[in-house]
Structure formats: structure tokens, C-alpha cells
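[1] would you be able to build a 3D model of this:
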Amino acid sequence: MKCLGIDYGERRIGLSYGDEIGVATPLPALTDADAEKRWSALAALARQRRITDIVLGWPLNMDDSEGFKAKEVEKFARRLESELGLPIHLVDERLTSYEAESSIPKAKRRDVRASGLIDSRAATIILQDFLEQNLKLSPPEGFQAEDDM
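    Model (predicted):
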């Protein structure tokens, strides 16, 4: 399994990578002003890394309803599935951007926002949640938790 985590936005696409090891790692965000160039770069990255699954942040409202942004992401998911032919996993992304942004000092947030750093950190949180829920990782052979000693 080779997963590409995506935090989709109209201006920036945050990205992360994870595999069966179970650790999500941020990748540089796609920040080109031209949406089709961002799309081409995304498709090329999926091919280069031999991605098998796409994990896409799904921005549900706090009351679990689907708003405008969630519908926009669903449309993006359909395009990904149609053009890349890969399974798409929608993952609740509520508060991931807030969590990612809170890890950056307030004085620097404005500067890093355009770089896509926050978006890729959010994609990493989204993908890590997915990996933890879907991979059945067992401890290394011979490992004993402190409670077992």
C-alpha cells in the first residue's frame, strides 16, 4: 500500500505520503496559481510514487452535514478516481488545518500559509489518522510493553 494524503483547497493542495510502515510524511504542497498545472503535477506525483490509494480530507461541518466545501471535495474525488483509476478514501478532516496551523508560531503563520506548509501538515494528519485506523500494525517480535513486564 502506497498512500497519497491530500488536503484539497482551491489555491493549494497539501500532500503527504505513507505506506504499510504506517507513518505519514509531508510532501511539498502544490501551489501553482494555475489549477490545471496543479492537477498535472498531482497526477505525475501519483505515477512517480506508484500510489495505490488516495486519502482525501473531507471537510464535513461540525454537525456532520455536508456543506459546499464537502461537495467540492467530492467532485474532486470523482475526478481523481476517474482519471487516475485509484481507490479514494474520504476521511473526516475537521480541525486538521487548525491543528496543523497551531504547530507554527503565530508570528510566522502568515508567511508560511502561501507556501502550503500548513496544507501539507494537515494532509499528514489526515493520512496518519487513516493509516492508524486501517493498518493492523503489530509490535516487533520480542517487544514487550512496560505493562506486560
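[2] where does this protein have low pLDDT?
    94-115, 136-149 (pLDDT under 70).
[3] need the strands for it, in chain order.
    2-8, 13-19, 25-30, 53-58, 88-92 (DSSP state E).
[4] ok, the last one: who's next to it in the sheet?
    Spelled out, that is strand 88-92. Looking at strand 88-92 with DSSP bridges, its partner strands are strand 53-58 (parallel).
[5] which residues are in contact with the strand it pairs with?
    If you take CB atoms under 8 Å, 6 or more residues apart in numbering as the criterion, strand 53-58 is touched by 1-8, 46, 70, 73-74, 76-77, 80, 84, 86-93, 96, 122-123, 126-127, 130. Bear in mind the C-beta positions are built from the backbone N, C-alpha and C, glycine included.
[6] now stretch 123-132
    3-7, 14-18, 22-27, 29, 55-57, 89, 91, 93, 96, 99-100.
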